[in-house]
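> sharing a model that was predicted from the sequence below.
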Amino acid sequence: MSGRLILMRHGQSFGNVERRLDTRPPGAELTPLGRDQARAFARGSGRPAMLAHSVATRASQTAAVIGGQLEMPPIEVSGIHEVQVGRLENRNDDDAVAEFNAIYQRWHHGELDVPLPGGETGNEVLDRYVPVLTELRLRYLDDHDFHGDIVIVSHGAAIRLAAAVLAGVEADFALDNHLENAQSVALTPITDGRWSCVRWGTLTPPFYPEEEATPVADAVRSSTDPMG
């Protein structure tokens, strides 16, 4: 096993600035700051062995900036777009943000069959997202002749859910620790098809949740991007 899977959240989009639940592809474009964040990621990360992105515009634009900096072509991959919020789409009011976060919290605590209103369940997200990561692992990371990391430009809520489930990251830690734009989670393949999370944003193991954290209330009261 010769590399890591880097699940990177896209750069800042206009939807993020407006704190909208912008999940349906193609979605909003990157802001100028989002492009700067992508360039900074490219400068700081080194050249991966592969660069992929979701079908959403903000992810493809992020990958295009990174690819331009590193002189490598990005690849579009289906199945790794953001959690689909259904009737909450494009809303940014406190009630919508609270409803999304309350259901998302239930997913992390094991209630994966609970649907967002008119949107996906946690299991539906995982059923489309995890097979993509598994295929990349089997085809590349488990091949001893393959060397280097795979960077996937994806989306905050989907990344946190998939990474927490695959690597056994404690639910409250994943809920407490949003990913800022252009931050990432690094997963390393270990034995028996399992994954180890070796970095979450700027944090490294062990991953401990905050005491007395209230992620739903905090997300509503603050200016935190709900999809981070």
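Received the coordinates, thanks. Numbering: from 1, shown residues only.
> low-confidence regions, the chain specifically.
Scanning the chain for pLDDT under 70 picks out 1, 211-223.
> in it, which residue sits furthest out from the middle?
Here the chain reaches farthest from its C-alpha mean at residue 145, the gap being 27.6 Å by Cα atoms, centre = their mean.
> where do the strands of the chain begin and end?
Along the chain, the segments classed as strands by DSSP state E run 5-9, 50-53, 75-76, 150-154, 184-189, 195-200.
> go through these and pick out the most buried.
Highest mean neighbour count of the strands of the chain: strand 150-154, a mean of 28 (counted as mean count of other Cβ atoms under 10 Å). Where you see a C-beta, it was placed from the backbone N, CA and C, and this is true even at glycine.
> skipping adjacent residues, who's closest to residue 121 in space?
Distances taken as Cβ to Cβ, 6 or more residues apart in numbering place residue 115 nearest to residue 121, at 4.7 Å, with adjacent residues excluded.
> how much space between the one you found and residue 186?
30 Å (Cβ to Cβ, to the nearest Å).
> same question for residue 40.
Distance from residue 40 to residue 186, by Cβ to Cβ: 17 Å.
> which parts of the protein are helices?
In the chain, the segments counted as helices under DSSP state H are 14-17, 32-45, 57-70, 94-108, 122-136, 156-167, 171-176, 215-221.
> quick one, which of those is nearest to residue 5?
helix 122-136 (6.3 Å; Cβ to Cβ).
> other SSEs contacting that closest one?
In this structure, helix 122-136 packs against strand 150-154, helix 156-167, with contacts taken as 3 or more Cβ pairs under 8 Å, 6 or more residues apart in numbering; DSSP states H and E.
> for that helix, what is the distance to the chain centroid?
12 Å (Cα atoms, centre = their mean, to the nearest Å).
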